[in-house]
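J.: Predicted structure and sequence below. I'll ask about it afterward.
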Amino acid sequence: MSHHLYAEDPEPSDRVPAGPLFVPVRSGPAGCTARMFRTPLGGRTAVAFTSAQRLAAALGGGQPWVRLSEPALRALAEPVGATVLTVDPRLTPEAPRATRAPGAPRVPQAARTAGTSHMAQASRTPHLRAV
């Protein structure tokens, strides 16, 4: 039986960001609060970014943020039901609701989303929306 040394593992099983993360916050009654988001399946997740540039690209340059370690962010998020931490997500806006003119033919949902379904499946990063 051969013994596998962890130092020789080319790809570690747990990917943990090194150093403090950039965490988006919003104003609250007691100061600032970490923003929580929803996954595509509706679960709550805490969100963090590995750089201020990535945070600004996803949420805009005016988004306030704080630097927190991963364990600190998890400790803040767990009491509010966010047990998942998503690092460097791509955020998507809410889909606009199409209005149909009276008498216009109805387009089935499958036909409206057929062109985008393969893109969503191919994505490696989950799309999130703000809570």
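T.: That came in fine, so what should we check first?
J.: and the nearest residue to Pro64 once chain neighbours are set aside, what does it touch?
T.: With CB to CB, 6 or more residues apart in numbering as the criterion, Pro64 has its nearest non-adjacent residue at 5.3 Å, and that residue is Val25. All C-beta spots, glycine's among them, are computed from the backbone N, C-alpha and C. By CB atoms under 8 Å, 6 or more residues apart in numbering, the residues touching Val25 are 32-35, 64-66.
J.: Name the nearest of those relative to Leu91.
T.: Arg35 (10.7 Å; CB to CB).
J.: mind listing what's buried in the longest strand along the chain?
T.: As assigned by DSSP state E, the longest strand anywhere in the chain is strand 21-28. Using 16 or more other CB atoms under 10 Å as the test for burial, strand 21-28 gives 21-24.
J.: Let me have those residues in CSV, extended by pLDDT.
T.: Listed next are those as CSV, based on pLDDT from 0 to 100:
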residue, pLDDT
Leu21, 97
Phe22, 97
Val23, 97
Pro24, 97
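J.: Just the ones of the contacts of Val25 in strands?
T.: For these, the ones inside strands are 32-34, 65-66, with DSSP E as the criterion.
J.: Save these as JSON lines, and put in pLDDT too.
T.: Formatted as JSON lines, these follow (pLDDT from 0 to 100):
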{"residue": "Cys32", "pLDDT": "90"}
{"residue": "Thr33", "pLDDT": "91"}
{"residue": "Ala34", "pLDDT": "93"}
{"residue": "Trp65", "pLDDT": "97"}
{"residue": "Val66", "pLDDT": "96"}
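J.: ok, which pair from those is furthest apart?
T.: Of all pairs in those, the most separated under CB to CB is Thr33 and Trp65 at 12.1 Å.
J.: Neighbour count for those two, which is higher?
T.: Trp65 (19 against 13; other CB atoms under 10 Å).
J.: Distance check, Gly61 against Leu55.
T.: Separation of Gly61 from Leu55 (CB to CB, to the nearest Å): 9 Å.
J.: Now do the strands for this protein: every range, in order, please.
T.: Counting by DSSP E, the strands of the chain are 21-28, 31-34, 36-38, 44-48, 65-68, 84-87, 90-91, 127-130.
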